[in-house]
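Visitor: model the following, please.
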Amino acid sequence: MTKLKSPRTLSKSRFKSALECPTKLFYSGKKKEYANQMAENEFMMALAEGGFQVGELAKYSHPCCPEIGHCGHNIKALNYHESLEETAKYIHNENVILYEPAVAFENFFIRIDVLVKNGMDVELIEVKAKSFDSKNGSFRNAKGTGDYIDRPWRPYLYDVAFQTWVMEQAYPDWNVEPYLMMADKAAEATVDGINQLFRVRKNEKNRTVIEVTEEITPDRLGDSVLVKVPVREYVEMIWHGQDIDPRKKEFEEFKNFFDRAREYAGYYDRDERYPVTVGLKCKHCEYKNTTESAAKGLKSGYMECWQDKFGDDYDFEEPHVFELWDFRHTKDALERGIHFLKDLSFEDLFRSEPKIPDKGMGRVDRQWLQVKKRTGRDMEDEHINPELFDEMNEWDYPLHFIDFETSMVAIPFSAGRRPYEQTAFQFSCHSLYEDGHMEHREWIHSEPGVFPNYEFTLELKKALGNDEGTIFRYSNHENTVMRQIYRQIEKDDEIDIFKDNGTSNIEILDWIETITNWKVKDLDGKESRDRGVRDMIDLWKCVKSYYYHPMMKGSNSIKQVLPTVLKVSKFLEDKYSQPMEFGINLNGRVLWQKDAHGKVIDPYKLLEPIHDDIEADELYLERGEIRDGGAAMVAYAKMQFTQMSDQERQNITKALLRYCEMDTLAMVMIYEHWLSCRVQ
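Guide: All right, here's what the predicted structure looks like:
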């Protein structure tokens, strides 16, 4: 029997992509033709963000209930025609619950997460691995009092609006009520271990399968940690064009919602490129080539769009305004025809007089430095502000360089915990002594189903609490995590958490205060920051304020700064071209190496990957932005929520230890380069 070919239909995921840029529809699904930096990691993203667990838990929030005439059916077919046929067997029942039913209308096609039908009344439930506060949450801007939908919520609500419209067109006699179902930040789990009830795996056809680890009963689930929010009013705001302030609308957003959907569906059905417009939206386009995807012969949709507008000779090698660090006027520059850094003037960088910082470079000065060095106006490559050395003189040995790996698990570990609470499962600490001696300490927790934060804190205190040396982090993450753990301990104050370890809650809280900073308000409500006596030094801020090299382009990420200093530092070349004599997982390794073309290799590229299917330890997440440590977050989710052998668990644990150790060693290397420059 010949298998029917699926038509080219506009799905909810394609509609979401078209809202970002309708031209993307032309590149969608063409895996063998166009590079797509998002496609390969979709499974990993859902795993890391808890999407599979939330989706499965939502089904058990709408179970088969024979006593009231409901019977739940999971529509397993994936093929267009087969899924519609399977759905048709049940959807006209008087009372029914369907999981992932298929609905088609004209050239539109949707799969609904959960559909609850009572006669002619239908609940359309879209499940999202996102948190919502059932007590204080709102989808509106201005803290819930505004007239428009808050920007971060628009993609989710447009998704539901699209599905609701398709459903109403396909079944015009039904009364459709749309809902968003999400993890409830205001809820606490009342039972232990619900995040271990659902395991994720890939089957023999490489499709995601959810396995239930034990019998699911209402008692086993306890009180729900999900919230189902009615969104009909927001759907109608979107349908009537009332969701966005007209003063802030783009051209496409002035179009009628339904006409817009039909227009996009038509272009996709015809496999025709939507008329190209370029702008700020292109900055995060996923259809860009990397060195790896270009080597596979894939094309760049991003390049094709810009060539369509400005000709085949458009210079993609010329530094673009998209790479300018923290540039807040990119849209204005593009509208004035300024695409390249070389065409920017100092005055283009600000609209009001820039603030003068107490020390180092301010934002505008830093941007102008990048413009000059990336365009050849400043011929000296490396810039080190002498004030950096003044600050370094204030640092006390031993110097401790720390890095955390964390996750925010959607479904809580244990009773009393809330969805998406911070979970700290690993740290690395390099300690550099005044005589040049180096020590490395590390800790990791990989056991499934155990909340690790309090053991993490005890072990971190052991690593840092024996002296008064300066502690360094890179960016604000470590401070944020420690303040969140502080609040978790405060909340659990009726439990003597650390009694068995010879200490007390108060002692641990006091210690956290010594190494962190936090917001406080005076009697008039004015905010300021209190700082502990050993408040961690942010090495990222030191880079931002004092250091720049054009090889960094517009990034201050440690993944960009490290390769830069390795290429320019004779000290680092001499030290790390020899086998390492310290460390645990990196001991004996040579981390300063050149490739066949004489180019210094990024040390992260010398490490065995955490995952074979993710490049290094970077992962594309929301809006195409790369978030450092993404692969570590995925690895933790794998160890928590997938079936794996002891050997697989050991391999992932070892890889995590290597990468986290490399993160803190990278901080040491940056410091060592600066120190060698100060000595000169």
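
Visitor: doesn't Y264 make contact with S28?
Guide: No: counting by CB atoms under 8 Å, Y264 is not a contact partner of S28; they are 10.8 Å apart. No exception for glycine: its C-beta is placed from N, CA and C like everyone else's.

Visitor: overlap in contacts of the two?
Guide: Taking CB atoms under 8 Å, 6 or more residues apart in numbering as the criterion, S28 and Y264 both touch R14.

Visitor: looking at the two, which is more packed in?
Guide: Using other CB atoms under 10 Å, the more surrounded residue of S28 and Y264 is Y264, with 22 against 19.

Visitor: gap between that one and D243?
Guide: 18 Å (CB to CB, to the nearest Å).

Visitor: and this protein, what are its domain boundaries?
Guide: Here the domain assignment for the chain is 51-244, 280-379, 395-537, 549-679, based on automatic domain parsing.

Visitor: next, the distance between the ends of the third one.
Guide: So the one you mean is domain 395-537. Start-to-end span of domain 395-537 (CA to CA, to the nearest Å) is 9 Å.

Visitor: I'd like the average pLDDT over it.
Guide: Across domain 395-537, the average pLDDT comes to 93.

Visitor: check the second one too.
Guide: Average pLDDT, domain 280-379: 93.

Visitor: the chain should start at 47 in everything you say after this.
Guide: With the count now opening at 47, the last piece we talked about shows up as domain 326-425.

Visitor: redo the domains of the chain as JSON lines? Include distance to Y80 and mean neighbour count.
Guide: Below are these laid out as JSON lines (distance: least, CB to CB, whole Å; neighbours: other CB atoms under 10 Å):
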{"stretch": "domain 97-290", "distance to Y80": "21", "mean neighbour count": "17"}
{"stretch": "domain 326-425", "distance to Y80": "5", "mean neighbour count": "16"}
{"stretch": "domain 441-583", "distance to Y80": "32", "mean neighbour count": "17"}
{"stretch": "domain 595-725", "distance to Y80": "15", "mean neighbour count": "18"}
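
Visitor: you'd agree M597 is in a strand?
Guide: No: read with DSSP: H, G, I helix; E, B strand; the rest coil, M597 is helix and lies in no strand.

Visitor: without its sequence neighbours, what residue ends up closest to it?
Guide: With sequence-adjacent residues excluded and distances taken as CB to CB, 6 or more residues apart in numbering, M597 is closest to T610, at 4.5 Å.

Visitor: quick one, what contacts that neighbour?
Guide: For T610, the contact set (CB under 8 Å, 6+ apart) comprises H595, M597, M598.

Visitor: with P444 instead?
Guide: Residues near P444 by CB under 8 Å, 6+ apart: S477, L478, Y479, E480, D513, G515.

Visitor: so which strand or helix has the nearest residue to A150 once chain neighbours are set aside?
Guide: Of all residues not flanking A150 in the chain, L130 sits nearest, at 5.9 Å (CB to CB, 6+ apart). When elements are defined using DSSP states H and E, L130 is found to belong to helix 126-134.

Visitor: elements contacting that helix?
Guide: Other helices and strands packing on helix 126-134, by 3 or more CB pairs under 8 Å, 6 or more residues apart in numbering; DSSP states H and E, are strand 148-151.

Visitor: what lies in contact with the strand it packs on?
Guide: 55, 121, 123, 126, 129-130, 132-133, 155-158, 212-213, 215-217.

Visitor: that one pairs with which strands, parallel or anti?
Guide: strand 154-157 (antiparallel) (DSSP bridges).
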